[in-house]
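**Student:** Sharing a model prediction with you, sequence too.
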Number of protein chains: 2
Amino acid sequence: MIARDLAAPCPSIGMDDDVLDAVRMMAEQRLPGIVVCERSGRPTRILPGSQVLRFVIPRYVQDDAALARVISGQASEMLLSELGGKKVSDVLSDPPDVELAVANPDDTVLELAALMARVHSPLVAVVEDNLLIGCVTLPRLLEVLLAPRTP
Amino acid sequence: MIARDLAAPCPSIGMDDDVLDAVRMMAEQRLPGIVVCERSGRPTRILPGSQVLRFVIPRYVQDDAALARVISGQASEMLLSELGGKKVSDVLSDPPDVELAVANPDDTVLELAALMARVHSPLVAVVEDNLLIGCVTLPRLLEVLLAPRTP
């Protein structure tokens, strides 16, 4: 089995798209992060949901649990309003704190596993002709590695 | 809304459990990692699936894509057999490369968001009386933050 066979459809977002659209996709599709594509269509980054939170929550609130506690509920209701008009590229960290793992369609199971191990990623984007054709997830790969051997 | 309301049931595994059981849970329940509890029941660690792969794939194969490519398919079929008889605690990295984020049941939405932002985690374990009562995921939190405000 190769990456092409293991790749499942995978949501992505463009660098110039509204970051609130990315947040909605993460919430609706239960994604901890989302693959980000350049204007050319090539996937190059991951936008982790935690990075969105880092962007909207002031650093001194992140670092002070007591302060986060006393800030009113209204403040949390307004939190994402900070994102209005912001593009995905505005929110991405520079340099990237999470590397997007990229594989070729003909990569083997062992190549995918070695890549996930090396970059510590539970997701590999499979790219053909500079376009995202799908993603292989770590649980899917474990499923293949666990599969009973045919004699 | 507080952490207790947002926590969903969350699989976990014990330090002394068979690591292959952890791998099966990740594969079957589509988890990129799993919460690990001490013998006392207290959740203290995350076992990322990628850490399992790091354990079974020799470092020189992780670092050499060409080598990973030429190793036969049979090698990947045998990969997880390395885990036979190993416990979860045998495979965890020391020191932890991923921190388990832990919240109290009465933590607010903003406290949960600040915690996820600080530790860059898409998952928070909610702990009461040293026991895991559930987990809050980042997509669930984003859903709450996005929810239309009641006037």
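**Tutor:** Perfect, thanks for sending it.

**Student:** Student question: in chain A, what's the helix or strand with minimum average pLDDT?
**Tutor:** Across the helices and strands of chain A, mean confidence by mean pLDDT, DSSP states H and E is lowest for helix A:73-77: a mean of 73.

**Student:** Output the contacting helices and strands for that helix.
**Tutor:** helix B:109-119 (3 or more Cβ pairs under 8 Å, 6 or more residues apart in numbering or on different chains; DSSP states H and E). C-beta coordinates here come from the backbone N, C-alpha and C atoms, glycine included.

**Student:** mean confidence for the helix it packs on?
**Tutor:** Computed over helix B:109-119, the mean pLDDT rounds to 93.

**Student:** what packs against it?
**Tutor:** By 3+ Cβ pairs under 8 Å, 6+ apart, helix B:109-119 packs against helix A:49-56, helix A:59-62, helix A:65-70, helix A:73-77, helix B:3-6, strand B:101-103, strand B:123-128, helix B:138-146.

**Student:** May I see the buried residues of the least confident helix or strand of chain A?
**Tutor:** Judged by neighbour count using 16 or more other Cβ atoms under 10 Å in any protein chain shown, the buried positions of helix A:73-77 are A:Ser76, A:Glu77.

**Student:** shaky segments in chain A?
**Tutor:** By pLDDT under 70, the weakly predicted segments of chain A are A:72-73, A:148-151.

**Student:** List the residues that contact the closest residue in space to A:Ala75 that isn't next to it in sequence.
**Tutor:** In this structure, A:Ala75 finds its nearest non-sequential neighbour in B:Leu110, 6.2 Å apart by Cβ to Cβ, 6 or more residues apart in numbering or on different chains. Residues counted as contacts of B:Leu110 (Cβ atoms under 8 Å, 6 or more residues apart in numbering or on different chains) are A:Ile57, A:Val61, A:Ala68, A:Arg69, A:Ile71, A:Gly73, A:Ala75, A:Ser76, A:Leu79.

**Student:** so who does the fourth one touch?
**Tutor:** Contacts for A:Arg69 (Cβ under 8 Å, 6+ apart) come out as B:Asp107, B:Thr108, B:Leu110, B:Glu111.

**Student:** how does it look with 7 Å?
**Tutor:** Contact analysis of A:Arg69 by Cβ atoms under 7 Å, 6 or more residues apart in numbering or on different chains lists B:Thr108, B:Glu111.

**Student:** could you measure it against B:Val119, distance?
**Tutor:** 17 Å (Cβ to Cβ, to the nearest Å).

**Student:** Equivalent analysis for the fifth one, please.
**Tutor:** Applying Cβ to Cβ, the value for A:Ile71 to B:Val119 is 19 Å.

**Student:** and if you look at the second one?
**Tutor:** According to Cβ to Cβ, A:Val61 and B:Val119 sit 14 Å apart.

**Student:** Same drill for these two, tell me which one is more crowded.
**Tutor:** A:Val61 (19 against 16; other Cβ atoms under 10 Å in any protein chain shown).
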